[in-house]
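# got a predicted model here, sequence first, then my questions.
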Amino acid sequence: MKRIAVLVSGGGTNLQALLKAQQRGGIPGGEIVLVISSKRKAYALERAAAAGIATAVVSRKELAPELFDMMLCAELARHRIDLVVLAGFLSVLGPGILARYENRILNVHPSLIPAFCGPGMYGLKVHRAALDRGVKVTGATVHLVNEVVDGGEILLQKAVEVQPGDTPEILQRRVMEQAEWEILPQAVAMLCQEQEG
């Protein structure tokens with residue numbers, strides 16, 4: 001059974017989708033055992049606690065970059081983590097963790113990469129950019145994490161139609177419900193099974 005850590009920064013809606021998938025047997029071969037937040041008051045920590053999952057806070061704002069990397073690695077090692085899932089984690093990972101968990105870190109991004117991705121493209125900014133560009137289809141991507149922001153190998157993508165009258169907030173919600181919450185648990189399950197073999 002692969003031990004999974006989920007890294008969060010906010011409300012934890014993607015974490016909740018993962019927890020629901022785990023409850024219904026949607027992540028065979030894996031178990032979420034740790035949630036790490038980059039923010040002390042992230043609601044995701046309450047979601048984790050309610051599910052009986054260990055939590056930790058490692059804040060980039062409070063630590064120098066190399067110390068942040070070191071503390072993150074130490075926390076993951078302490079819990080014997082096999083797979084790291086970024087679910088709305090707003091800090092860029094350092095070289096230490098990228099090397100230690102090569103091909104074992106995945107991220108969900110709220111667009112169809114390579115559109116609307118890269119440094120500074122997260123949250124509502126992505127959906128605003130999609131609407132400003134006038135695209136008719138957007139979606140979400142789950143990809144492996146490497147040293148290039150949103151540049152790792154794509155594992156899964158799902159398209160979502162843009163509707164007339166969409167605001168960034170409405171589009172964000174639809175992309176989460178119709179794409180992110182579906183493909184993130186699928187990709188985690190896929191990676192757990194690949195690593196078993």
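Noted; the coordinates are in hand. Numbering: from 1, shown residues only.
# what average pLDDT does the helix ranked longest in the chain get?
In the chain, with assignment by DSSP state H, the single longest helix is helix 181-196. Per-residue pLDDT over helix 181-196 has a mean of 92.
# hmm, who's touching it?
2, 4, 13-14, 17-18, 21-22, 26-30, 82-83, 85, 87, 104, 106, 108, 140-142, 155-158 (C-beta atoms under 8 Å, 6 or more residues apart in numbering). Any C-beta I mention is one placed from the backbone N, CA and C, and that applies to glycine too.
# quick one: low-confidence ranges for the chain?
The chain contains residues with pLDDT under 70 at 196-197.
# where do the helices sit along it?
Going by DSSP H, the chain shows helices at 13-23, 43-50, 65-78, 95-100, 124-133, 168-175, 181-196.
# helices or strands up against the third one?
Pointing back at helix 65-78 there. strand 30-37, helix 95-100 (3 or more C-beta pairs under 8 Å, 6 or more residues apart in numbering; DSSP states H and E).
# got a list of what Asn103 touches?
Going by C-beta under 8 Å, 6+ apart, the list of residues near Asn103 reads Leu144.
# report the angle between the longest helix of the chain and helix 168-175.
Using axes from the mean of the first three to the mean of the last three C-alpha atoms, to 10 degrees, the inter-axis angle of helix 181-196 relative to helix 168-175 is 50 degrees.
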